[in-house]
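A.B. asks: Here's a sequence, model it:
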Amino acid sequence: MAKYKETIDLYDDAGKQLKSGVPLEKISPLVNPATRKLIDLTKRTIAVNLGGIQEGLKTGKVAKGYVLGREMNLDIIGNKDAIIGKIKEMVQVEEGDDTNIREFGGGKLILVEVPKTRLEAASTYDAAITAVASAATFSIVEQFDIGAFDAAMVKAAVWGSYPHTMDLTGANVTSILSIPQNNEGLGYALRNIPVNHAVMITGKNAMQGAALSSTFEQAGMFEMGNAIGPFERAQLLTYAYQGLNANNLVYDLVKKNGATGTIGTVVQSLVERAIEDKVITPGKKGGYFQFYDTKDPMLWNAYAAAGTMAATMVNCGAGRFAQAVSSTLLYFNDLLEHETGLPGCDYGRVMGTAVGFSFFSHSIYGGGGPGIFNGNHVVTRHAAGVAIPCVVAAAALDAGTQMFSPESTSKVYGDTFGQVDVFNKPIQQIAKGV
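C.D. replies: Model (predicted):
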């Protein structure tokens, strides 16, 4: 028996219907096998830059600087097959388990899937990156018969400056996830993924990037206890309509307003669609002002989330700039509240997030572009999984205006994780999983 009475239709990033009549709970991170696979691989997949290790050792550039006089000219790429074989042998728990290694760029980059057993026998997801880093270090030391006094350079080339720094600064092993010590509260790990990572993983496709980010953010909502009891339906609805283009709502709004529209016309289109779908109905009048009522605030919130996403795509897409995303998050919802008398996306929290985000991303403070923010950041953490996906869409549509471009911060993620279907085509994969 279905947990929720409503069903949704799932559409792709080209407006094509993928599945119809999908029970709402089928997209849940707890239920959907594609989403569970995505999260599983996020935790246990590590990228290793063998080319970067070779170049770093050749020039002496390891961790955070150069160690002159300690350069090592090792043909790591020429010996990649032996090194990869050693890494697999050490990382696997038993022969034939789910350890898997993919090669990219002629072996300069590899993607190592650590066996589930290692994470099951661990308290955190650290077990993946530490196992791979140790295996990569020892494989190179063993392959080239490196002595005790030179092995430290190999370790630094792989691990970066850890343990002198808390994280692996300057390392050539990378995870999508940050280290647990950087998670600012319970359940924030999947929200602590920078916008630019999602942009590169999905090849700068705004809707796929938004879907990937929304999946991480909403899975984070489940992990931190925000989707318990009646709140589960609220989160699933925002995930469906904003992240997965349920009922083609985001696509339709963008298509209608993309050529000549503005944030204001997206508000108008969303309200018209909400009236047509009987999500809201005209209520009392106050002078010239028409208030609207809703019997389903959670569904209205999902429509507001989809509208916020569409407005971001229309506005930031028109200018090809990511910087307008914070003001779009703010003023789309401000206009929506004034138009309807109903709360904006996430009941006002998106507007609150946007005010701080404007200041910290590019205003007086100007600490960095939108692409380096994440849902764990003190400025952007407050909205319940519905702000950061919009930032991903904006950064995907950006034409190079950011101080920190996706290519400069996250290229390795596109070259590795971006080659895996469950990461680069989440909309289609999740639809297959229902």
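A.B. asks: okay, CA-based contacts and neighbour counts for the rest of this
C.D. replies: Will do.
A.B. asks: Show me where the stretch 201-350 of the chain has its strands.
C.D. replies: Counting by DSSP state E, counting those that start in this stretch, one finds strands in the stretch 201-350 of the chain at the ranges 281-286, 289-293.
A.B. asks: out of these, deepest packed?
C.D. replies: Greatest average neighbour count among the strands of the stretch 201-350 of the chain goes to strand 289-293 (a mean of 15), per mean count of other CA atoms under 10 Å.
A.B. asks: Give me the helices and strands touching that one, please.
C.D. replies: Judged by 3 or more CA pairs under 8 Å, 6 or more residues apart in numbering; DSSP states H and E, strand 289-293 is in contact with strand 281-286, helix 325-340.
A.B. asks: And the contacts of it?
C.D. replies: 280, 281, 282, 283, 284, 285, 339, 340, 341, 342 (CA atoms under 8 Å, 6 or more residues apart in numbering).
A.B. asks: Closest one to residue 189 out of the residues you listed, please.
C.D. replies: residue 342 (32.4 Å; CA to CA).
A.B. asks: can you list the weak-confidence ranges in this protein?
C.D. replies: Low-confidence segments of the chain (pLDDT under 70): 1, 362-367.
A.B. asks: Break the protein into its domains for me.
C.D. replies: 7-31+189-432, 45-175 (automatic domain parsing).
A.B. asks: quick one: the longest one to chain centroid distance?
C.D. replies: For domain 7-31+189-432, the gap between its own C-alpha mean and the chain's C-alpha mean amounts to 12 Å (CA atoms, centre = their mean, to the nearest Å).
A.B. asks: likewise the last one?
C.D. replies: The gap between where domain 45-175 is centred and where its chain is centred comes out at 24 Å by CA atoms, centre = their mean.
A.B. asks: Endpoint to endpoint, it covers what distance?
C.D. replies: 7 Å (CA to CA, to the nearest Å).
A.B. asks: number of nearby residues for residue 346?
C.D. replies: 25 (other CA atoms under 10 Å).
A.B. asks: That one contacts residue 301, doesn't it?
C.D. replies: Yes. The criterion here is CA atoms under 8 Å, and residue 346 meets it with residue 301 at 6.3 Å.
A.B. asks: mind checking how far residue 306 is from residue 393?
C.D. replies: For residue 306, the distance to residue 393 - CA to CA - is 12 Å.
A.B. asks: And residue 378, by the same measure?
C.D. replies: From residue 378 to residue 393 the distance is 21 Å (CA to CA).
A.B. asks: So between these two, which is more surrounded?
C.D. replies: residue 393 (30 against 13).
A.B. asks: show me what contacts that one?
C.D. replies: Contact partners of residue 393, counting by CA under 8 Å, 6+ apart, are 199, 205, 206, 207, 209, 210, 309, 312, 313.
A.B. asks: how far away is it from residue 117?
C.D. replies: In terms of CA to CA, residue 393 sits 35 Å off from residue 117.
A.B. asks: Can you give me the neighbour number for the residue lying closest to residue 75 once chain neighbours are set aside?
C.D. replies: Among residues not flanking residue 75 along the chain, residue 54 sits closest, at 7.0 Å (CA to CA, 6 or more residues apart in numbering). The tally of other residues near residue 54 (other CA under 10 Å) stands at 21.
A.B. asks: what residues does the helix or strand where residue 54 lies touch?
C.D. replies: Per DSSP states H and E: residue 54 is located in helix 50-59. Outside helix 50-59, the residues that touch it by CA under 8 Å, 6+ apart are 62, 66, 71-77, 107-110, 153-154, 157-158, 172.
A.B. asks: Sort out for me which of the residues you listed are in strands.
C.D. replies: 62, 66, 109, 110 (DSSP state E).
A.B. asks: tell me the SS of the closest residue to the last one other than its chain neighbours?
C.D. replies: This means residue 110. Among residues not flanking residue 110 along the chain, residue 103 sits closest, at 4.5 Å (CA to CA, 6+ apart). Under DSSP: H, G, I helix; E, B strand; the rest coil, residue 103 falls in the strand class.
A.B. asks: Is the residue lying closest to residue 206 once chain neighbours are set aside in a helix, a strand, or coil?
C.D. replies: Computed as CA to CA, 6+ apart, the closest residue to residue 206 that is not its neighbour in sequence is residue 393, at 4.3 Å. Three-state call for residue 393 (three-state DSSP): helix.
A.B. asks: any idea how far residue 310 is from residue 393?
C.D. replies: Distance of residue 393 to residue 310, given as CA to CA: 9 Å.
A.B. asks: And residue 123, by the same measure?
C.D. replies: Counting by CA to CA, the gap from residue 123 to residue 310 is 40 Å.
A.B. asks: Same check on residue 269?
C.D. replies: 10 Å.
A.B. asks: now do residue 156
C.D. replies: Applying CA to CA to residue 156 and residue 310 gives a distance of 45 Å.
A.B. asks: do the same with residue 280
C.D. replies: Distance from residue 280 to residue 310, by CA to CA: 19 Å.
A.B. asks: Please apply the same query to residue 361.
C.D. replies: 21 Å.
A.B. asks: for residue 385, same thing?
C.D. replies: 16 Å.
A.B. asks: between the two, who's got more neighbours?
C.D. replies: A direct count of neighbours by other CA under 10 Å for residue 385 and residue 310 places residue 310 higher, at 31 against 28.
A.B. asks: which residues touch that one?
C.D. replies: Counting by CA under 8 Å, 6+ apart, residue 310 has contacts 250, 251, 253, 254, 266.
A.B. asks: buried sites along stretch 186-195?
C.D. replies: 187, 188, 189, 190, 191, 192, 193, 194, 195 (16 or more other CA atoms under 10 Å).
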